[in-house]
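The following comprises the amino acid sequence and a computationally predicted model.
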Amino acid sequence: MHSRQSLWVRIAVLAAVGWVAVRLGLVPWLQLDRIQAEIGYFQELVRQHEMLALLILGGLYFLTTALSLPFGLFLSVLLGYLLGRWVGTSLIVCSATAGALVLFILARWFLGRWIRNRLERQPQAAFIARGFEHHAFNYLLLLRLIPLFPFWLVNLVPALTAIRTRDYVAATFLGILPGSFVFANFGASLRHFKLGDPWSTETVTALMLIILLSLLPVIYRLWKKKRPGIGPEVPG
């Protein structure tokens, strides 16, 4: 009930903001052509200063992951738009893995007690931690492949378990590859988005991949109900 009320509050706030924008004459600034022109300017900067752009964008994604900031999804789409699906995916995976590793090291060796106290307020944290008691690599790989829990929570909880650092890095790198590609690919498809022809093959394919990724937790939970003795447990 509480989550539904929160959803309706967000919808109401967005509607109110939209109404105010229309009344103040701000809508022209939201036109697609204007937005694409502005982003096109940044694309040109990226082409002119490719190495510097990679360092800046990669560093930004690294900090977003290491500091558990809620901008990862937006940055994934933006990197796909600016760099293309393949370079964007590569930069996302490397930067996110590096950021997650730094967070893992800090949580395990320097901030363990503080992190533990913080995670005690998260009911899902204890559940995730239990999954690392057996087959830690496979369990973390599953959590990376299927977004069953918030990304920042999956970054922190393993640091309080016995998983080896190399297993953490390998499972993180391999596990976030598919999702990183999905969102980078969506960003790349937006390069060719047009209001007059919004349903191009490239755009539809990118949207279908996002829908499939978002449905993976539901599919996995249904599969677990039919085969309760196979695979790591997840909350219903």
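In hand now; what should we look at?

host element of Tyr139?
Per DSSP states H and E: Tyr139 is located in helix 136-145.

so how far is the helix or strand following that helix off the chain centroid?
The helix or strand immediately downstream of helix 136-145 is helix 151-156, counting by DSSP H and E. Distance of helix 151-156 from the chain centroid (CA atoms, centre = their mean, to the nearest Å) equals 11 Å.

element containing the spatially most central residue of the chain?
Centroid-nearest residue in the chain: Leu73, 4.3 Å away (criterion: CA atoms, centre = their mean). If you go by DSSP H and E, Leu73 is part of helix 72-83.

Okay, angle between the helix or strand following that helix and helix 72-83 too, please.
Downstream of helix 72-83, the next assigned helix or strand under DSSP H and E is helix 85-109. Using axes from the mean of the first three to the mean of the last three CA atoms, to 10 degrees, the inter-axis angle of helix 85-109 relative to helix 72-83 is 150 degrees.

Now helix 85-109: average pLDDT?
Helix 85-109 comes out with an average pLDDT of 95.

helices and strands around that helix, which ones?
Packed against helix 85-109 by the contact rule (3 or more CB pairs under 8 Å, 6 or more residues apart in numbering; DSSP states H and E) you find helix 50-66, helix 72-83, helix 151-156, helix 165-175, helix 177-189. Every C-beta, even on glycine, is put in place using the N, C-alpha and C of the backbone.

Can you tell me what sits against the fourth one?
Residues outside helix 165-175 that contact it (CB atoms under 8 Å, 6 or more residues apart in numbering) are 93, 96-97, 100-101, 104-105, 136-137, 140-145, 158.

Please apply the same query to the first one.
The list of residues contacting helix 50-66 from outside it, by CB under 8 Å, 6+ apart, reads 45-46, 69, 71-72, 75, 79, 82-83, 91-92, 94-96, 98-100, 102-103, 155.

Tell me what angle it forms with helix 72-83.
On the basis of the same axes, to 10 degrees, helix 50-66 is oriented at 170 degrees to helix 72-83.

Name only those of the contacts of helix 165-175 that count as buried.
93, 96-97, 100-101, 104, 136-137, 140-145, 158 (16 or more other CB atoms under 10 Å).

I'd like the domain boundaries of this structure, if you could list them.
1-30, 31-226 (automatic domain parsing).

and Leu63, how far is that from Leu69?
7 Å (CB to CB, to the nearest Å).
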